[in-house]
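[1] With the sequence up front, the predicted model follows.
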Amino acid sequence: MRYLVSARLKPGKAVDLSGAIDDGTLGRGSVAGGEYLANMEAARALDDGRVQWVETCFCPTPLAEERAYWEEYFLLDKVQDAHARSRCRDLTGAEPWACCDCDCTERLEARLATKGRSFLERLADLLPSRR
């Protein structure tokens, strides 16, 4: 299933998150692997302070595996279905692991890409060396 995640960077976590992204350790130990880095590359920083991205998750509870990794850096405001559950081929059992190559959130992701600015750019602005 694909989820639209809305979160806020925890105070004082910009340096730690940036380091984890730069050295590739963000999400290390998770079954989701490099998905965390891809999520941050696509994430958008909104004017109201939220960060949004679309995430793929196969857990019965949304982000059950990923939540602990994200909560180290973010306060998760909202995790909502990114498309109709009835059309999710993985969730319905029609095609296991369909979410890996599915384009079901293509329009949402294109629209999200026009909102705010790149989260990685915003994160770089928050680093002490950039001030």
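    Nice, thanks for sending it over.

[2] Which of the helices or strands spans residue 40?
    Residue 40 is part of helix 35-42 when elements are defined by DSSP states H and E.

[3] Direction included, what does the first helix or strand past that helix going along the chain pair against?
    Moving toward the C-terminus from helix 35-42, the next helix or strand (DSSP H and E) is strand 44-45. The strands beside strand 44-45 in its sheet (DSSP bridges) come out as strand 51-56 (antiparallel), strand 117-118 (antiparallel).

[4] Take these and write them to JSON lines, including mean pLDDT.
    Formatted as JSON lines, the strands paired with strand 44-45 follow (pLDDT from 0 to 100):
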{"stretch": "strand 51-56", "mean pLDDT": "94"}
{"stretch": "strand 117-118", "mean pLDDT": "98"}
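
[5] if you compare those, which one is most tucked away?
    Comparing these by mean neighbour count (mean count of other Cβ atoms under 10 Å), strand 51-56 ranks first with a mean of 21. In short, each C-beta sits where N, CA and C put it, glycine included.

[6] Now for the residue lying closest to residue 80 once chain neighbours are set aside: which residues touch it?
    Nearest non-adjacent residue to residue 80, counting by Cβ to Cβ, 6 or more residues apart in numbering: residue 4, 5.3 Å away. Applying Cβ atoms under 8 Å, 6 or more residues apart in numbering, we find residue 4 in contact with 52-54, 78-82, 108, 112.

[7] Report the buried members of the residues you listed.
    Buried by 16 or more other Cβ atoms under 10 Å: 52-54, 79, 82, 112, out of the contacts of residue 4.

[8] Among these, which pair sits farthest apart?
    79 and 112 (14.7 Å; Cβ to Cβ).

[9] Identify each buried residue in the least confident helix or strand in the chain by mean pLDDT, please.
    For the chain, counting by mean pLDDT, DSSP states H and E, helix 89-92 ranks last in confidence among helices and strands (a mean of 75). Neighbour-count burial for helix 89-92, counted by 16+ other Cβ under 10 Å, picks out 90-91.
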